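Participant: sequence first, predicted model second:
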Amino acid sequence: VDLFRMNCELLATCTALGYLEGDTYHKEADCLESVKDLIRYLRHEDDTRDVRQQLGAGQIVQNDLLPIIIQHGQDKALFDACIRLMVNLTQPAMLCFGKVPDDPVFRHHFLQVTSHLQACKEAFASEAVFGMLSETLYTLLQLDWEQRQEEDNLLIERILLLVRNVLHVPADPCEEKKVDDDASIHDRLLWAIHMSGFDDLIKFLASAQSEQQWSMHVLEIISLMFRDQTPEALVSAGQARTAEEKHRDTQELEALREKELAAKRSRTLQRGTRHSRFGGSYVVQGLKSIGDKDVIYHRNVHNFKNYTHDMGKAVRRVPKRNRQARECKDKRRSALNVRLFLREFCVDFLENCYNRLMYLVKESLIREQTQQHDETYYLWALSFFMAFNRGNGFRADLVSETMSIRAFHYIERNITNYYEMMLTDRKEATSWSRRMHLALKAYQELLLTVNEMDRSQDESIRQSCSVIKSNIFYLMEYREIFLTLLRKYDETRQPHSYLKDLVESTHLFLRMLERYCKGRNSLMVQKKRVRRKKSRGQKKPSAAETSPEALAETWKVVEEELKASGFQLSESLTESIVPFDATSDTPLEEQRTDAMVRVQDALLIRLGPEALALLRAARSVWPEGDVFGSADVEPEEELELLKQILHANLPRSPPPEPAAEEDDDDAAELEEEELQSVQVFEKEFNFLDFIKRFSNPSVVRPYLLLLKSYSKNTPHTNHCIARMLHRLAVDLKMDAQLFQLSVFNVFNKILSDPAAAAYKELVTFAKFVLNRFFSLAAQNNKAYVELLFWKNVGAVREMTEGYGKDGEGKKPTWTEEEEEELRNLYEEHRHSEVPDIVETLLPLLSDSTRTRRQVVTQLVRMGLVDSAKELKKQKKGTQIVLWTEEQEEELQMLYEEYKDSDDVLGNIMKKHTAKRSRARVVDKLLSMGLVSERRELYKKRSRSARGTKGLTQGFTDDPGDRDDEDEEDDESEEREVEEEQERETSQNGGRSSQSLRSTVERRPDVGAMVYALQQEGMSEPLLWLQSCLNRTAIDREQDGFSQDVPLVPLKEANEEAMDNKSFLRLLRKLGLRAPANEQETFWRIPAKISVSQLRGAAAALSPREEEPKGGEEQDGSRSPTGESQETEVVSGEQRAQALRALLLTRKRKHHSSEHTGTCGNYRVSRGSKCKSPITLPFIP
């Protein structure tokens, strides 16, 4: 009912406008109000656009609005209202509905609105209409900007929008079945624009400085005017055909004639000499039917070559998502007078408007002052007018605005953005693909213009071209864009015309690059490399490189080289050395250690000048603290400093486990790389190496896809395809990459084509590839099977040189003896209750280079385990072992037996059969109610014993020890060693150096822990800890009183060490106290530790040349022979005396030096020759 009433209101409103009598329109008195009512109705229309459809069906534009503006244009208010209404009514259907509707009902409404717009467009193709619009627009443009009102600017914008909307209306393919050179509705509209002078106003708006606000509207109108045109057709309009065009047309006609004659001959051969109603039946030998018998053929024998098993079968429907992308509408040739007018328009536009308009539009796009996707008009204008300029007597000054590196960069960014959006916005993938094609055309036109500039007679133009080429060939983004686009080509989303332009652009770029490289001896280009940081650490120098003999030999060579050069460095070397990585995320201050490692690496490979240059450069970057020496250091001191760096044990991360060839699942599981940064560097360019990157199936496949339509391609397109395939097959000798069945199928069609004479280049190349294949097939009997697969470089090498040659020795092989050894070891330990059997087997294998992955893979291959998951590393603390009733009863009995002893927990841990950690046993005792708090399980010690114990024994009662779940059962063994050392100390008579010797002598496990931490690359935290202990000892000796000193890690390496379980265990061994409660954050050096104990602990942290063999020392201390005990005592005394002398010397240096050391940083006065690793001046 509402819809019916609405129709009546619309009808009454339209009737109130007026009526047309002959050629005269009589308006009613309330015509203006009726127009405003129609505008109001359109504002409230529904989703089906019912008001728009009814007004279109009533032809309100053709019969009322256009006659009103033509005959009553002097009425300004009515004219403005009619223009407003027509701008609304001529809106594109795509804007009204948002997109092409999928619903059939809304699709019908969409098509109805489009048909009404097409009828309106035909009515606008009148000189009278555009004459009135041109006259009004001209009057408004005559006004200065001070005299223009807001209504004047709105009217100018509405007129431009109206012309834009009318030009945007698509042609009706059912109604406009026009041939080339015939005038379509769009041509008639363009002619009306030309005859009314509206095109001159468009050029004025594009060139006038005061009218730059309309630049985007002007560009839209121009792009819609040339919608059906091509630059080549406009350039040749009105001119005689060139000899090249005549030759090309002759070739096309000759090819068509050959095909027609071949078809005629084929029909003649198929027709027999006499008529026979019996076609005959034949048995095709060697071609099996559904059963085991041969196929019986019931048709004429002449048609047998077209026989397939698919004959008579229903054609399989291709899913919509797998169909090839549709091509855009083909271009057509307009009437000659329209083409001549458009050609003159292009000439004037290039000379007077192009550079200024493109500059204004580009600025608006960069500042985001335009609407979404308006950059497509810019890309179209760039490609169209630059192509026209190139064909119409090329002048570089006419397109100078868009002939720059900025234009290349802008288009490259848009291509990348369009491709990403095509992947993410799948519903609009077709639209993004078209925009990407437009950007590719613009990029291609830039390359063509650069190539045209290179052939110019003007020297300045050639120099400008050389600058542009050097930039696009130098930068990696421009150099590899075509390689990336070829690899990412998707025929379901990108049409055939896109692939054609891509192949031709690639051919042009490679030809320009090849010519550019030939004229130079060497070409440096920019290269980007993604630096990936292995989470397991970096590579560490091998033991052979760091052995004392090797280091001595290396230093001898480096020292001689530096002395021979007189410590003078070349200017080029000094400028090329950069001691830090500016692109790294690591702060500059934290890269000092990396710089020191780089100096050591240069020394290890015997590059003395490079190491010295790096040392001096690092000194200028980090002058504070004289870490790399003082500013006025002498050459001899630099030499001594380099020697200390070479022999130093610098902190390095442990090397990553070498990768082994595994299945894809295992490789994905064990891959531990993370993106760190992109490194930019220069590299000498090799054109042949660049072409090798095109030798990839993902690149060759698009070329084959385009080659399949060779008969429809232009000769230039076929040449581009043949040239690229020739580069791969001949220049790279990768012809075997084309040994593929689909390629041979295309070659077969080309060779059997009746018009093969028109494709001489393709025929020659096809014969060459086929000859190469049959020559190879005579040697390789698997060549025919290889035809079924696309081949990469490795497969090509195997096919041509022999299988198994590529990658020999790459996979680790297992001999029969090694397999038998692995089997025996596995059978021996498979039933043992070890947490990780692989870690148990690794040190027992005769080949120590085997990795965990190799052992796991071999166990799976030998069938000893079903899957690698069974041997997966178990995370610490994740496996929960339940207590049985027998174990609980045993624990209760042991507690009752030893509850009155001095060490309740220690005795229980010794006697309990079930192996549990101390923390688990304590938790179980608490849960069973045998003890009420952990303090009851602490070891009871007498006051006298506590006063005579060394540093590492005096603070083992710390509650933190009991709560640490990482303390394992080996603590019981340590306690036995402590007791035995206490007995030895009491027997030696309590010497003055007792506490110092007890740290170094009686605790060999401390030395083992220090050595293990050094091997893990924690030398820097150990030196920091040693510095803190020494500094605290000096402060307590000078001040005369003691207090708890917190250990504050200021560097990242020290912070990481404080999170390391092994490092924390070392702190506990040394008697340092963990945070007592939540109010404390840092570990502390207790006040009760004496100065001698602190210095003894610091001496125990000294780096050692060899791993301390604690077990052997313990065994030696238990030796029944008195001779060994006496020798050990003597050596202990000598070692204690040496340590005391070292500490006294260091103390004197600290008091005499002007720069005293601070916690975490050592400073040594100039001229100091101390070679102890503890006092190295370069450790940050």
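Facilitator: Ah, there it is. Numbers count the residues shown, from 1 in each chain.
Participant: count the neighbours of T308 for me.
Facilitator: 7 (other CB atoms under 10 Å). C-betas here are computed from N, CA, C, even on glycine.
Participant: quick one: pLDDT of it?
Facilitator: With respect to pLDDT, T308 scores 78.
Participant: where does it fall, secondary structure wise?
Facilitator: For T308, there is no helix or strand it lies in under DSSP states H and E.
Participant: residues in contact with it?
Facilitator: Not one residue lies near T308 by CB atoms under 8 Å, 6 or more residues apart in numbering.
Participant: what's the distance between it and V338?
Facilitator: Note on T308: its distance to V338, by CB to CB, to the nearest Å, is 50 Å.
Participant: please name the nearest non-neighbouring residue to S400.
Facilitator: Among residues not flanking S400 along the chain, N355 sits closest, at 6.1 Å (CB to CB, 6 or more residues apart in numbering).
Participant: test my guess that F739 contacts F789.
Facilitator: No. With contacts counted by CB atoms under 8 Å, F739 stays clear of F789, the gap being 9.4 Å.
Participant: these two: which is more packed in?
Facilitator: Between F739 and F789, counted using other CB under 10 Å, the more crowded position is F739 (24 against 13).
Participant: so what's the more buried one closest to, chain neighbours aside?
Facilitator: F739 sits nearest to F773 (CB to CB, 6+ apart), 5.2 Å away.
Participant: can you tell me the helix or strand for V347?
Facilitator: Counting by DSSP H and E, V347 is found in helix 336-352.
Participant: show the average pLDDT along the next helix or strand after that helix.
Facilitator: The helix or strand immediately downstream of helix 336-352 is helix 354-366, counting by DSSP H and E. Helix 354-366 shows a mean pLDDT of 93 in the predicted model.
Participant: stretch 64-71 too?
Facilitator: The model assigns stretch 64-71 a mean pLDDT of 91.
Participant: tell me which residues are up against it.
Facilitator: 14, 17-18, 20, 24-25, 27, 31, 35, 78-79, 82-83, 85-86, 89, 123-124, 126, 128-129, 132-133.
Participant: mind listing the strands for the stretch 651-800 of the chain?
Facilitator: For the stretch 651-800 of the chain, the strands defined by DSSP state E, counting those that start in this stretch cover 673-684.
Participant: where does the stretch 901-1050 of the chain have low pLDDT?
Facilitator: Residue ranges of the stretch 901-1050 of the chain with pLDDT under 70: 915, 941-1005.
Participant: run the last query once more with 50
Facilitator: Scanning the stretch 901-1050 of the chain for pLDDT under 50 picks out the ranges 942-1002.
Participant: so where do the helices sit in it?
Facilitator: In the stretch 901-1050 of the chain, the segments counted as helices under DSSP state H, counting those that start in this stretch are 904-911, 918-927, 943-948, 959-963, 970-987, 994-1000, 1004-1015, 1019-1039.
Participant: that older thread, what number of residues lie near the residue nearest to F739?
Facilitator: Using other CB under 10 Å, F773 has 21 other residues around it.
Participant: contacting residues around it?
Facilitator: By CB under 8 Å, 6+ apart, F773 lies in contact with 735-736, 739, 744, 783.
Participant: just the buried subset of the residues you listed, please.
Facilitator: Buried members of these, scored by 16 or more other CB atoms under 10 Å, are 735-736, 739, 744, 783.
Participant: which among these gets closest to D249?
Facilitator: Among the buried ones among the contacts of F773, F744 lies closest to D249 (CB to CB), at 32.6 Å.
Participant: for the stretch 501-650 of the chain, which spans come out with low pLDDT?
Facilitator: Applying pLDDT under 50 to the stretch 501-650 of the chain flags residues 533-539.
Participant: can you give me the helices in it?
Facilitator: Counting by DSSP H, counting those that start in this stretch, the segments of the stretch 501-650 of the chain that form helices are 548-565, 571-576, 592-604, 608-621, 635-647.
Participant: nearest approach to L447 belongs to which of those helices?
Facilitator: Nearest of those (CB to CB): helix 571-576, 34.4 Å.
Participant: list the contacts of the nearest residue to E211 once chain neighbours are set aside.
Facilitator: Leaving aside its sequence neighbours, E211 sits nearest to L205 (CB to CB, 6+ apart; 4.9 Å). By CB under 8 Å, 6+ apart, the residues touching L205 are 141, 211, 214-215, 217-218.
Participant: just the ones of those residues in helices?
Facilitator: Counting by DSSP state H, the part of the contacts of L205 found in helices is 141, 215, 217-218.
Participant: from those, which two are the most distant?
Facilitator: Spanning the widest gap among the ones in helices among the contacts of L205 are L141 and S215, at 14.6 Å by CB to CB.
Participant: between these two, which one's more packed in?
Facilitator: Neighbour count, other CB under 10 Å: between L141 and S215, S215 has more, with 22 against 17.
Participant: now the more buried one. Nearest residue, chain neighbours left out?
Facilitator: Counting by CB to CB, 6+ apart, L360 is the residue found nearest to S215 once chain neighbours are left out, at 4.2 Å.
Participant: ok, how many other residues are close to the one you found?
Facilitator: By the measure other CB under 10 Å, the count of residues near L360 is 20.
Participant: buried residues in the host helix or strand of A119?
Facilitator: Take DSSP H and E as the rule and A119 turns out to sit in helix 104-124. Neighbour counts using 16+ other CB under 10 Å place 109-110, 112-122, 124 of helix 104-124 among the buried residues.
Participant: closest one of the residues you listed to C465?
Facilitator: Distance to C465, by CB to CB, is smallest for K121 among those, at 43.8 Å.
Participant: quick check, the closest one in contact with V163.
Facilitator: No. Applying CB under 8 Å, one finds K121 not in contact with V163, separated by 11.3 Å.
Participant: about what we covered before: make a ChimeraX selection of the buried ones in the contacts of stretch 64-71.
Facilitator: Of those, the buried ones go into a single ChimeraX selection, burial set by 16+ other CB under 10 Å:
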select :14,17,18,25,27,31,35,78,79,82,83,85,86,89,124,126,129,132,133
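Participant: what's the pLDDT at I880?
Facilitator: pLDDT, I880: 46.
Participant: tell me who's in contact with T449.
Facilitator: Taking CB under 8 Å, 6+ apart, we find T449 in contact with 386, 389-390, 394, 396, 399, 403.
Participant: which one of those sits closest to R619?
Facilitator: Closest approach to R619 among the contacts of T449 (CB to CB): M403, at 48.3 Å.
Participant: the residue nearest to the closest one when sequence neighbours are not counted sits in which helix or strand?
Facilitator: Distance criterion CB to CB, 6+ apart; nearest residue to M403, sequence neighbours excluded, is T449 at 6.1 Å. Secondary structure from DSSP H and E places T449 in helix 429-454.
Participant: which strands or helices does the next helix or strand after that helix pack on?
Facilitator: Using DSSP H and E, the helix or strand that follows helix 429-454 in sequence is helix 459-474. Contacts defined by 3 or more CB pairs under 8 Å, 6 or more residues apart in numbering; DSSP states H and E place helix 459-474 against helix 405-424, helix 429-454, helix 476-479, helix 496-518, strand 524-534.
Participant: wait, which of the ones you listed is closest to Q568?
Facilitator: Nearest of the helices and strands packed on helix 459-474 to Q568, taken as CB to CB: strand 524-534 at 27.9 Å.
Participant: returning to that earlier point: ok, the buried residues of helix 104-124 vs E821, which is closest?
Facilitator: Looking across these and measuring by CB to CB, the closest to E821 is F110, at 77.3 Å.
Participant: so that closest one touches G98, yeah?
Facilitator: No. Between F110 and G98 there is no contact under CB under 8 Å: 10.2 Å.
Participant: what do those two both touch?
Facilitator: Counting by CB under 8 Å, 6+ apart, F110 and G98 have no common neighbour.
Participant: check which helix or strand covers G286.
Facilitator: In this assignment (DSSP H and E), G286 forms part of strand 282-288.
Participant: what's that strand in contact with?
Facilitator: Contact partners of strand 282-288, identified using CB under 8 Å, 6+ apart, comprise 294-297, 301, 304, 307.
Participant: least confident pick among those?
Facilitator: Among the contacts of strand 282-288, V301 has the weakest pLDDT, 69.
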